[in-house]
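Asks: What shape does this take:
(chains A, B and C)
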Amino acid sequence: MPSGGRVPDADFWENELEMPVRYWLEQAEDGRFMAGWVNGLKGPQVSVLHALLELTPVESTRQKKNDLRDKPELLKRFVPVGRFARSKSRVAVIEFAESVLALESMDLCRDGNDEFDVIALLFAIFDKNWKSLPTVFHLDKIHKSGFARMVLEKPPKRLDVSLGEFLTQTSLASHLARFDKTKNDGRISQMKSIIPRDGRYLVFIRRSERRDMLLQSTTVIHGFAPEWIILDFQEGAAKVNISSKSVSVPLEIANHIASAYFGRDVEYVNDREHSYTKQLRRLLSLLGNDKADELTLVEIAVDNGPLDGSPKIVLSRTEGSISSGIRHFEKAVGGIIEDVGHINHIKVLYRNKRVTLKFEQNDESDDEFVVRYSDHTLNEKERRLFEAFMSDSHGITILSTEKRNRR
DNA sequence: CCGCAACCTTGCCGAGTAGG
DNA sequence: CCTACTCGGCAAGGTTGCGG
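Replies: Residues are numbered from 1 along each chain as shown, chains lettered A, B, ... in the order given. The predicted structure is shown next:
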């Protein structure tokens, strides 16, 4: 028997999952709509629903569909789930499914290519415990947006309470309420969830951001557009990765929470772990000669090129190395790859994705650079792999291009 | 029914720009 | 200077249409 009790109401779909659901709830009451809905289901989705409804096992997808068409009343609760699946990342759903579903349920969700069907997985997750869908909704976000890497310059010692014990829904909610009161900008922060993950703590906050309006029928409703703030606390809050739309308030919230935890005022600053010219020259030389394992140089942009008038130069290919192009250019005109300070950015192909790398020169020392990369193009797992790869193979610590600054 | 390819849409981000 | 807006790059999902 599925847990989670009663069926979720419209408010659950709309407020917790930010999904326009009323249309689908209405449609699901219509027999003709349901018949069409069943027709449109893919093989794995049919198998999962057939098993979830505990119908007498039959062989073909066609036969299972016939069985399902007789059960619109039992199926209608799955209709919004299909809509929820839209624009949810595969990685997020598969990873969560692996943590909650039995292996045999997972196997029903594979298609002919042995690939998981995301909608089928969500049907199973929903049936097992619909209250876990917000977790999927939240985790989906961490794969899509970039995170600014922030650190405390001198993290205080705090031994009596662990970060995990400190970070509870109720205590955070009251810290957020206090923050909103001091900030006094008419916006409200909502504590949505705290998800422990590999020794880190992901804190999801929804806060009203800019003033906005929408149409309900013909009436304008005034309010705020929501912003999602994700604080990824690590190493006992000595570090935090921040994802958000606005740049200053989320940092203030992180500072507020960390200050409450440590019992005194602390402030996060952008992480600035640097690399040296020599290391970067070595990396660029490997890339330029197609000798960097797992990486292909596909683009280089130089701000002050060797052409007359020093225009910006971009050498780029969609896929495939530009190394021969660079050699040709250097023979015909002059060097473009050896002066790290003049390089605006390069792009490398890593796991078939174009990742931008930028070398940010230190104001004080010409020899030091902060290496930043476009982390949002990689999903969360790939980011960790890429960072470890750059560190292990090239001794270069890379940080996200995302930054947060206090106004 | 299924797989595949081509094309379209969505969401995020950074660069550039106009207008205070 | 700051802010809001637009535009293009990019990944990845969605849709459609075709042939086995």
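Asks: In chain A, what residue lies closest to DNA strand B?
Replies: In chain A, the residue that lies nearest DNA strand B is residue A:112 (1.5 Å; Cβ to the nearest atom of the strand). Every C-beta, even on glycine, is put in place using the N, C-alpha and C of the backbone.
Asks: Who are the contact partners of that residue?
Replies: Applying Cβ atoms under 8 Å, 6 or more residues apart in numbering, one finds that residue A:112 lies in contact with residue A:43.
Asks: Now it: phi and psi?
Replies: phi -60, psi -30 (degrees, to the nearest 10).
Asks: Residue A:189 versus that one, what's the distance?
Replies: Separation of residue A:112 from residue A:189 (Cβ to Cβ, to the nearest Å): 46 Å.
Asks: Please name every helix or strand in contact with whichever helix or strand residue A:34 is part of.
Replies: Here residue A:34 is covered by helix A:31-39, with elements defined by DSSP states H and E. Contacts defined by 3 or more Cβ pairs under 8 Å, 6 or more residues apart in numbering; DSSP states H and E place helix A:31-39 against helix A:61-69, helix A:72-75, helix A:79-85.
Asks: what residues does the stretch 301-407 of chain A put near DNA strand B?
Replies: By Cβ under 7 Å from any atom of the strand, the part of the stretch 301-407 of chain A that sits against DNA strand B consists of A:345, A:358, A:374, A:376, A:401-402.
Asks: Strands - which of the residues you listed land there?
Replies: Among these, DSSP state E puts A:345, A:358 in strands.
Asks: So residue A:210 lies in a helix, does it not?
Replies: No - counting by DSSP: H, G, I helix; E, B strand; the rest coil, residue A:210 is not found in a helix; it is strand.
Asks: which of the helices and strands packed on helix A:31-39 sits most buried?
Replies: Of all the helices and strands packed on helix A:31-39, helix A:79-85 carries the top mean neighbour count, a mean of 20, counting by mean count of other Cβ atoms under 10 Å.
Asks: Quickly check: it near DNA strand B or not.
Replies: No - remark: helix A:79-85 sits outside contact range of DNA strand B, by Cβ under 7 Å from any atom of the strand, the gap being at least 12.0 Å.
Asks: Distance from the chain centre to that helix, please.
Replies: Remark: helix A:79-85 is offset 20 Å from the chain centroid, using Cα atoms, centre = their mean, to the nearest Å.
Asks: what about the stretch 1-150 of chain A, any weak spots by pLDDT?
Replies: Across the stretch 1-150 of chain A, the ranges flagged by pLDDT under 70 are A:1-5.
Asks: Could you list the residues of it in contact with DNA strand B?
Replies: A:39, A:42-43, A:46, A:61-62, A:65, A:87, A:111-113, A:141, A:144-146.
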